[in-house]
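A.B. asks: attaching a predicted model along with its sequence, questions to come.
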Amino acid sequence: MKTRFAPSPTGLLHIGGIRTALFSWLYAQHNNGKFVLRIEDTDRERSTDEAVQVILDGMAWLGLDHDEGPFYQSQRFDRYKEVNEQLLEAGHAYRCTCSKERVEQIRNEAMSRGEKPRYDGHCRSLNLDDINSVIRFKTPTDGQVIVDDQVQGKVIFENSELDDLIIARSDGTPTYNLTVVVDDIDMEITDVIRGDDHLNNTPRQINILKALGAEIPNYAHIPMILGPDGKKLSKRDGAASVLQYRDDGYLPEALLNYLVRLGWSKGDQEIFSIDEMISEFDIKDVNKSASSINPDKLLWLNQHYLKNADNASLVKPLSELLKAMDLTIDTGPDLEDLIDVQKHRTETLKDMAEQSVLFYHDFDEYAENAAKKHLRPVVLEPLNVLYDALKSIQDWNNEHIKSTIEEIAEKFEMKMGKLAQPLRVAVTGTGISPSIDDTLRLLGQEKSLTRLRKAIEFIENRSSS
RNA sequence: GCUCCCUUCGUCUAGUGGCCCAGGACGUUGCCCUCUCACGGCGAAAACACGAGUUCGAGUCUCGUAGGGAGCACCA
């Protein structure tokens, strides 16, 4: 068997498209079939190179690799022309010279009569041969088309509801319903998986398929996904490029896991590795109703995958994000050490990068509330003593750092927190950071001492003024 | 307007006539843990759109109503 993903590069590929691609890819993997990537760029005015690049890069980032393609429809115009001629010759299609205005008028009239707007077949039996006219497909006037959909079930369409659709524009270029059919035949696609916005196109395509004497593939029309508000996906909640998720620090496996659970499930299971998805996924189990995306759940999944990720595997994507923030990686801690600490406390790699800035740059000033609360004269002496103790540590590791802080706290009869928190503010500028020993260790002895010294001076200046 | 599709906690979902006064997850929330923020642990609140029918029995089957979505292009 063979499935395909056939996006149109007229807008940037977003997570709705990715979910369609994922389902199609999983279905192919599950059945040991092939997966084809086809770029439907027949609308040359609206297609952009950028959109094509996003499709290619996005699929690669997520690991949704194709076995064949990418095929570009814009390179197959000769083939479509050939099929159109064939249909014309066989009497399955005809040339039509009706003006757009006339067609428009017919539609309006039909609408005002409460009917479905359709072309009236004016040129159907005129046998015109005007080369500059459009070509229409002769849709059967009676009977019905039954779409036996793997997700939607049996859906019946009356041919009388359909009209003679245009399969070639007056400039000779082919239109969507023709190119899809020709390509699916030529590429030997056995299973068509796409968004349910195409369900209404399916009977037209089946009629063309039949006229061409081709086999009808299996269809699966999966429901669309909606924004968190239950409305159509908008740019800000996922309709922008998939690559935005990469740049925002999401992990491919988290996004895929999130998407696979949208409209599909296996009992109560929430976490699926790629291998589990492949072995468990069946297109027949996909729900028929649309679902809204939930950014919080995606975040939770991302955190889950981050926590369980291999440190080394995060080095590269994290460095990209650090570089994008103009941070010089050499000036900070070893990345694997940093990741080992931060991955347990951040939701995305971007959070991780942002929360790690303190290891690269000195901060300009203390967070006001934190300084007011923790950098007070009472801690001056303990911090001074702590400074000397930290300075004398030979081997700068968690154990030594922690025991040193505990010793000093004990000496001054302070609770650990009473000393750790001022120290934290001293070296990070804020009240939030990894555990104090991890923080100091990652920061390094030299930077830790310099910042502590500065904090001590800060308290002295503040109390004297 | 016409055709097609959909409807279980806020959200994703389990549920295929009795196991369901509806289970899990995210989120929300209470407590515990704790050097901060997180993590984690233990609890809580929260749903079968509505109305008829079929049946001993309906979230589960049928019909209707309401609400939502898609399509009806010389776009894909």
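C.D. replies: Great, that's in hand.

A.B. asks: from the chain's centroid, how far away is stretch A:261-270?
C.D. replies: Between the mean C-alpha location of stretch A:261-270 and the chain-wide mean there is a distance of 18 Å, by Cα atoms, centre = their mean, to the nearest Å.

A.B. asks: near RNA strand B, which residues of the stretch 101-250 of chain A?
C.D. replies: Proximity of the stretch 101-250 of chain A to RNA strand B is assessed by Cβ under 7 Å from any atom of the strand, with A:103, A:107, A:111, A:114-119, A:134, A:152-153, A:155-158, A:161, A:163, A:166, A:169-171, A:175-177, A:179, A:196-201, A:223-224, A:226, A:228, A:230-232 identified as the residues in range. (C-beta placed from N, C-alpha, C; glycine too.)

A.B. asks: filter the residues you listed down to the buried ones and hand me the ChimeraX line.
C.D. replies: Buried members of these can be picked out in ChimeraX with the line below, counting by 16 or more other Cβ atoms under 10 Å:
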select /A:103,107,118,119,134,152,155,157,163,166,170,175,176,177,179,196,198,199,223,224,226
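
A.B. asks: which ones among the residues of the stretch 101-250 of chain A next to RNA strand B are found in strands?
C.D. replies: Secondary structure assignment by DSSP state E places A:134, A:153, A:155-158, A:166, A:226 of those in strands.

A.B. asks: let's have those residues in JSON lines, adding pLDDT.
C.D. replies: Formatted as JSON lines, the entries for those read as follows, by pLDDT from 0 to 100:
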{"residue": "A:Val134", "pLDDT": "94"}
{"residue": "A:Gly153", "pLDDT": "90"}
{"residue": "A:Val155", "pLDDT": "91"}
{"residue": "A:Ile156", "pLDDT": "90"}
{"residue": "A:Phe157", "pLDDT": "92"}
{"residue": "A:Glu158", "pLDDT": "91"}
{"residue": "A:Ile166", "pLDDT": "95"}
{"residue": "A:Leu226", "pLDDT": "91"}
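
A.B. asks: what does the top helix by length along chain A contact?
C.D. replies: Ordering each helix of chain A by length in residues (DSSP state H) puts helix A:445-464 first. Outside of helix A:445-464, the residues that reach it under the criterion Cβ atoms under 8 Å, 6 or more residues apart in numbering are A:362, A:366, A:371, A:375-377, A:379-380, A:383-384, A:386-387, A:390-391, A:393, A:396, A:422-423, A:425-427, A:440, A:443.

A.B. asks: quick one: is that helix near RNA strand B?
C.D. replies: No - Helix A:445-464 stays clear of RNA strand B (Cβ under 7 Å from any atom of the strand), getting no nearer than 13.6 Å.

A.B. asks: so which bits of that helix are buried?
C.D. replies: Buried-residue list, helix A:445-464, by 16+ other Cβ under 10 Å: A:445, A:447-449, A:451-452, A:455-456, A:458-459.

A.B. asks: of the residues you listed, closest to A:Glu320?
C.D. replies: Using Cβ to Cβ, A:Lys447 is the member of the buried residues of helix A:445-464 that sits closest to A:Glu320, with 24.4 Å.

A.B. asks: state the pLDDT value of the closest one.
C.D. replies: With respect to pLDDT, A:Lys447 has a value of 92.

A.B. asks: residue ranges with poor pLDDT in the stretch 201-350 of chain A?
C.D. replies: Across the stretch 201-350 of chain A, residues meeting the criterion (pLDDT under 70) sit at A:236-239.

A.B. asks: pick out the residue of it closest to RNA strand B.
C.D. replies: Distance from RNA strand B to each residue of the stretch 201-350 of chain A (Cβ to the nearest atom of the strand) is smallest for A:Ser289, at 2.8 Å.

A.B. asks: need the contact list for that residue.
C.D. replies: Residues A:223, A:263 are the ones in contact with A:Ser289 under the rule Cβ under 8 Å, 6+ apart.

A.B. asks: mind doing that once more with 6 Å?
C.D. replies: Taking Cβ atoms under 6 Å, 6 or more residues apart in numbering, we find A:Ser289 in contact with A:Pro223.

A.B. asks: any idea which helix or strand carries it?
C.D. replies: A:Ser289 is part of no helix or strand, with elements assigned from DSSP states H and E.

A.B. asks: identify the residue spatially nearest to A:Asn31, adjacent ones excluded.
C.D. replies: Here the nearest residue to A:Asn31 in space, its sequence neighbours aside, is A:Met1; by Cβ to Cβ, 6 or more residues apart in numbering that works out to 5.2 Å.

A.B. asks: return the distance of the one you found relative to A:Met59.
C.D. replies: Computed as Cβ to Cβ, to the nearest Å, the A:Met1 to A:Met59 distance reads 20 Å.

A.B. asks: same check, this time on A:Met111
C.D. replies: The spacing between A:Met111 and A:Met59, counted by Cβ to Cβ, is 41 Å.

A.B. asks: next: A:His221.
C.D. replies: Applying Cβ to Cβ, one obtains 21 Å for the distance of A:His221 from A:Met59.

A.B. asks: ditto for A:Phe458
C.D. replies: Distance from A:Phe458 to A:Met59, by Cβ to Cβ: 52 Å.

A.B. asks: circling back to that earlier point, what's the closest of the buried residues of helix A:445-464 to RNA strand B?
C.D. replies: Using Cβ to the nearest atom of the strand, the shortest approach to RNA strand B within those belongs to A:Ser448, at 13.6 Å.
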